[in-house]
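Undergrad: I would like to see how this sequence folds:
(one chain, ligands or ions: 1)
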Amino acid sequence: MKVATICKNRKTLVVTSPLIKKLYFSLIETVLPFEIDWLLIEGGEQAKSLDSLVNIWEYMARNGFDRSSIVIVIEGGSVGDMVGFAASTYMRGIDWINIPTTLLAQVDSSIGGKTSINIPAGKNLVGSFHLPLITICDFDFLSSLDIVELKQGLVEIVKIAWVYNLQLFDYLKCNIEKIDDVKDPIVLENLAGDAIRSKVSIISKDFKDVSGLRAILNFGHTLAHALEASTDYSIRHGDAVLVGMLFDLGLSVRYDKLTTTCAKELVNIIEKIGLPELKGVDIETITSLMAKDKKNTGNLISFITTSEKGKAGVKLLPINEVERLVREFFLDPLKFALINY
Ligand SMILES: NC(=O)c1ccc[n+]([C@@H]2O[C@H](COP(=O)([O-])OP(=O)(O)OC[C@H]3O[C@@H](n4cnc5c(N)ncnc54)[C@H](O)[C@@H]3O)[C@@H](O)[C@H]2O)c1
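TA: Presented below is the predicted three-dimensional model:
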């Protein structure tokens with residue numbers, strides 16, 4: 001169904017950044033050829049805040065938005081997560097449409113209806129499940145992303161391939177030397193299309209994250225979220241997941257009988273994408289943030305391990321053991337991922 005048909009006779013708010021409005025005004029006008037209100041906020045992780053949320057609620061309340069109104073977000077995963085949460089809470093929930101503009105948002109965050117903001121105690125700690133009416137992935141938006149941004153999305157593609165889609169993983173393994181070709185529209189469409197289909201397949205079987213299937217998408221994410229929050233989000237989400245995947249690989253080798261030969265296949269890809277600089281990491285802060293992760297059970301911290309490629313499950317570990325492992329990990333992350341003590 002066309003966006004114009006969905007929005008007919010409904011007050012419509014478009015939330016985007018000044019950057020996206022400037023770069024893609026004519027593209028947006030062709031997708032949304034009807035009267036809209038614009039609300040501009042800066043893109044990036046800082047958008048996932050209570051202040052941004054209040055800003056949207058207030059704007060809608062002051063400008064006559066009611067329960068039949070609709071919100072359209074056109075930005076990356078950060079603004080997308082926050083606007084989805086604003087839509088899920090304004091007047092107890094109104095409709096929204098997601099038009100993701102980064103690779104990461106197109107292959108991951110825009111699929112599955114998880115919305116959230118960050119609070120000082122941790123990342124994504126407040127949120128809801130609220131599916132958009134539709135998600136529109138237009139690869140034309142990606143033309144302004146540099147290779148650093150594209151790699152953020154590539155990380156989530158690698159993650160879903162490792163835990164769920166072996167064919168996609170083999171493709172990545174064989175083509176990793178040409179990684180900068182991710183800019184090539186055909187390569188991009190193949191990779192992104194495959195990753196999107198995998199995520200949709202998982203979400204359709206476990207939307208509310210209860211059976212354990214959707215949980216496998218958290219591979220690498222427990223350490224990643226703590227790392228992001230501990231550095232005040234100066235490490236990007238994709239980069240943090242790259243580091244977190246090495247940690248969960250090391251746990252897989254130690255606790256889940258993953259062979260180091262198999263682990264090496266993923267390590268090679270991670271090395272090729274390129275780890276971020278990890279200076280001044282505060283182990284105690286990271287461990288205490290991990291202890292507050294919403295996926296935990298009681299005093300046990302939740303991780304995803306893989307016994308082999310494509311076979312992932314939850315591993316719960318006590319906090320004192322996690323602290324010891326995190327210390328060991330940051331001495332030499334690559335070694336940690338491959339050595340079974
Ligand atoms: N809801 C979920 O299931 C889910 C899944 C994975 C990740 N996430 C979340 O997604 C967020 C990361 O999203 P992201 O990687 O899209 O980054 P982002 O949204 O933080 O955007 C990064 C930067 O790119 C800019 N940008 C956006 N589109 C652009 C374009 N087309 N051209 C040039 N610049 C552009 C933004 O303005 C911003 O400055 C994290 O908060 C993460 O927690 C959510």
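
Undergrad: Show me the helices in the stretch 151-300 of the chain, by range?
TA: Using DSSP state H, counting those that start in this stretch, the helices assigned to the stretch 151-300 of the chain run over residues 166-175, 185-205, 221-230, 237-255, 260-273, 283-291.

Undergrad: other SSEs contacting the first one?
TA: Put plainly, it is helix 166-175. helix 147-164, helix 185-205, helix 260-273 (3 or more CB pairs under 8 Å, 6 or more residues apart in numbering; DSSP states H and E). Any C-beta I mention is one placed from the backbone N, CA and C, and that applies to glycine too.

Undergrad: ok, back up a step: I'd like to know which of the helices of the stretch 151-300 of the chain is closest to residue 58.
TA: For these, the distance to residue 58 is smallest for helix 221-230, at 26.4 Å, taking CB to CB.

Undergrad: how many degrees apart are the closest one and helix 147-164 in direction?
TA: 150 degrees (axes from the mean of the first three to the mean of the last three CA atoms, to 10 degrees).

Undergrad: quick one: helix 221-230 near the ligand?
TA: No - contact of helix 221-230 with the ligand (CB under 6 Å from any ligand atom) is absent, the minimum separation being 7.5 Å.

Undergrad: How far does that helix sit from its chain's centre?
TA: Per CA atoms, centre = their mean, to the nearest Å, the displacement of helix 221-230 from the mean C-alpha position of its chain is 12 Å.

Undergrad: domain parsing for this protein?
TA: 3-143, 147-338 (automatic domain parsing).

Undergrad: Of the helices of the stretch 151-300 of the chain, which stretch is the most buried?
TA: helix 221-230 (a mean of 26; mean count of other CB atoms under 10 Å).

Undergrad: So for stretch 126-136, first residue to last residue, what's the gap.
TA: 25 Å (CA to CA, to the nearest Å).

Undergrad: er, stretch 160-180 actually
TA: Per CA to CA, stretch 160-180 runs 19 Å from first to last residue.

Undergrad: Then stretch 123-139?
TA: Taking CA to CA as the criterion, the two ends of stretch 123-139 lie 28 Å apart.

Undergrad: what about that stretch, average pLDDT?
TA: Averaged across stretch 123-139, pLDDT comes to 96.

Undergrad: quick one: it to chain centroid distance?
TA: Worked out by CA atoms, centre = their mean, stretch 123-139 lies 10 Å from the chain centre.

Undergrad: in it, what's buried?
TA: Along stretch 123-139, these residues count as buried under the neighbour rule (16 or more other CB atoms under 10 Å): 123, 124, 125, 126, 127, 130, 131, 132, 135, 136, 137.

Undergrad: Any chance of those residues in CSV with distance to residue 220 as columns?
TA: Shown next, in CSV, are those (distance: CB to CB, whole Å):
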residue, distance to residue 220
123, 14
124, 14
125, 18
126, 22
127, 19
130, 25
131, 25
132, 25
135, 23
136, 28
137, 23
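
Undergrad: Could you list which of these also contact the ligand?
TA: Okay, of these touching the ligand (CB under 6 Å from any ligand atom), that's residue 124.

Undergrad: Could you identify the most distant pair in the buried residues of stretch 123-139?
TA: 125 and 136 (28.6 Å).

Undergrad: so where is the chain shaky, pLDDT-wise?
TA: 1, 341 (pLDDT under 70).

Undergrad: how about the residue nearest the centre of it, what does it touch?
TA: For the chain, the residue nearest the mean C-alpha position is residue 109 (4.7 Å; CA atoms, centre = their mean). Residue 109 sits next to 76, 77, 80, 81, 100 when contact means CB atoms under 8 Å, 6 or more residues apart in numbering.

Undergrad: So which of the residues you listed are in strands?
TA: residue 100 (DSSP state E).
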